[in-house]
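In: All I have is the shape, not the residue letters:
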């Protein structure tokens, strides 16, 4: 597989297609000092807050231009990450004679035992914006560099380095893009290691993948300017994988029979009906073989959206979190200004008039779909004429599921299609396009022409209702392991650190609701014990006749 990246300078990516991209991390979380921008966490928010979020996303969509890409990736979480977050900021125990282990060690070990073997993920959002420069020479330089990048591997030569002036020009353009994004959603420029992680994640779905936590703290994979040119490390090792659409799975096919078939090998080059395998039209998945193992992925394209949907049920991407398996999504956007979109609407209206005249000559008359199409075009024209800053979003949405075996991957793809079908969305797994849809999920890739048939046309506000830029999170970045988030179908641990709330300018108030005897007091004691074990102090007002908090304090 060819990696679509030539050079990386900070968050700027020079692709092999001749384009330059700026990659940004949305909702990046706390910064190096532990501060984080105020966000609304959880799924259930007031109507006013939801309207404010919708306005921000609509503003962000209108501020973009060209053909940006949005990636919603489920980063794999290791139980060791949870343990490190639980002990973050804790002073080590004294090692003198008579001192036992740290009182927090038992809690950490119990959490590790509980989370061992769990499939845990966290949702991360990334935005890739193509950068355009007004200098014609830089465009020619990027195109020639991309052409040489295709030939240099055959000749055993390195890609053409990028000049300093080109890097400076695109950094200035990226600064203007960041100014346009300000005021919408919290974001920061992505690190080179995080951009490389996006490719590693796509290649290791269904396997043990590199952790995003390590990439967030890594300084590798970035290029440096030396002698007036940008020189980057080689990214060729990232593509040392084999992609095969409809690959043979030992769990479904008789591999021994394939090996005894003489010239017929597992690649399936001969007629499939002579083998003990299913039809290639039924093996609608992508087999990715790397040095770490073999994983199976299924790419689903959003082929049809309902013409109208209520605001409460339009959050398509938020509904993906209810599934009991992770789902990645890639949205390739093309933003068309209002005036140009209105010209396209007028052209479609003229075509409808011609179709109506043709149907008048038939005995059956004009079908009802033409009337509905004319009504939809009229509404679209009116909304585009409402404001000059409105844009039409032409999007291609790709949903990706995966599994360790082809059977698991296929079952998850069917479950996802059924979920979307219940909401009047039609998702298809096109045979023969699995690799093309897979490549669309790699940063720096231009939309292949064969996937344009899945383009959906929406107004910016309607597209923003899908919730592609929103995440639902609960808990704190570190602290004690409180439990699991029940708003999502996958396993997502929830941390809480009430003692750290004043440091990050957050409220430390909390409410515990439950039936009589459900364990509210026990949970309060667990939180208080975690505060003390992590080096804090808990002051409790005990109004019970038996002084249960005093007994608990002596025991703890």
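Out: Good, I have the coordinates. This is a predicted model, so every value here is computed, not measured. Numbers count the residues shown, from 1 in each chain.

In: What are the buried residues along stretch 409-421?
Out: 409-410, 412-413, 416-417, 419-420 (16 or more other CB atoms under 10 Å). (C-beta placed from N, C-alpha, C; glycine too.)

In: before we move on, what about stretch 336-351?
Out: 336-338, 341-342, 344-345, 348.

In: next one: stretch 100-120
Out: 102-104, 107-108, 111, 115, 120.

In: gap between the two ends of that stretch?
Out: 33 Å (CA to CA, to the nearest Å).

In: Identify all contacting residues around that stretch.
Out: By CB atoms under 8 Å, 6 or more residues apart in numbering, the surrounding residues in contact with stretch 100-120 are 76-80, 82-83, 86-87, 90, 92-93, 325-326, 480-481, 490-493, 530, 532-534.

In: Make a PyMOL selection of the buried ones in those residues.
Out: Selection of buried members from those for PyMOL, criterion 16+ other CB under 10 Å:
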select buried, resi 76+77+79+82+83+86+90+325+326+480+481+490+492+493+530+533+534
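
In: among the contacts of stretch 100-120, which are in strands?
Out: Assigned to strands by DSSP state E, the following of the contacts of stretch 100-120 qualify: 76-77, 480-481, 493.

In: For stretch 336-356, what is the distance to the chain centroid?
Out: Distance of stretch 336-356 from its chain centroid, counting by CA atoms, centre = their mean, to the nearest Å, is 34 Å.

In: what's next to that stretch, contact-wise?
Out: 366, 370, 373-374, 377, 380-381, 384-385, 387-394.

In: pLDDT on that stretch, on average?
Out: For stretch 336-356, mean pLDDT is 83.

In: quick check: mean pLDDT across the helix or strand harbouring residue 379?
Out: Using DSSP states H and E, residue 379 sits within helix 368-384. Averaged over helix 368-384, pLDDT sits at 79.

In: Number the chain from 17, please
Out: Sure, I'll start numbering at 17, so the last one becomes helix 384-400.

In: Give the other helices and strands that the helix or strand following it contacts.
Out: Downstream of helix 384-400, the next assigned helix or strand under DSSP H and E is strand 407-419. Counting by 3 or more CB pairs under 8 Å, 6 or more residues apart in numbering; DSSP states H and E, the packing neighbours recorded for strand 407-419 are helix 63-79, strand 309-320, strand 344-353, helix 354-376, helix 422-438, helix 450-456, strand 472-475, helix 476-480.

In: wait, which of the ones you listed is closest to residue 335?
Out: helix 422-438 (6.9 Å; CB to CB).

In: which helices and strands does the helix or strand following the closest one pack with?
Out: Counting by DSSP H and E, the next helix or strand C-terminal to helix 422-438 is strand 442-444. Applying 3+ CB pairs under 8 Å, 6+ apart, we find strand 442-444 packed against strand 309-320, helix 422-438.

In: can you tell which of those is closest to residue 415?
Out: Nearest to residue 415, of those and by CB to CB, is strand 309-320 at 4.4 Å.

In: what lines up beside the closest one in the sheet?
Out: If you go by DSSP bridges, strand 309-320 pairs up with strand 302-306 (antiparallel), strand 407-419 (antiparallel), strand 442-444 (antiparallel).

In: Which one of those strands lies nearest to residue 555?
Out: strand 407-419 (49.0 Å).

In: Tell me what angle the closest one forms with helix 354-376.
Out: Orientation of strand 407-419 against helix 354-376 (axes from the mean of the first three to the mean of the last three CA atoms, to 10 degrees) gives an angle of 80 degrees.

In: Now do strand 407-419: distance to the chain's middle.
Out: That offset, for strand 407-419, works out to 11 Å (CA atoms, centre = their mean).

In: pLDDT averaged over it, what's the number?
Out: pLDDT averaged over strand 407-419 gives 94.

In: Quick one: residues contacting the residue nearest to residue 433 when sequence neighbours are not counted.
Out: With sequence-adjacent residues excluded and distances taken as CB to CB, 6 or more residues apart in numbering, residue 433 is closest to residue 443, at 5.0 Å. The neighbours of residue 443, taking CB under 8 Å, 6+ apart as the test, are 316-319, 415, 432-433, 436-437.

In: Not counting sequence-adjacent ones, nearest residue to residue 396?
Out: The nearest residue in space to residue 396 (CB to CB, 6+ apart) is residue 361, at 5.7 Å.

In: From residue 22, how far off is the one you found?
Out: For residue 361, the distance to residue 22 equals 39 Å [CB to CB, to the nearest Å].

In: One more: residue 43?
Out: 29 Å.

In: Look at the two and report which has more neighbours.
Out: Legend: neighbour count by other CB atoms under 10 Å for residue 43 and residue 22, higher for residue 22 (27 against 18).
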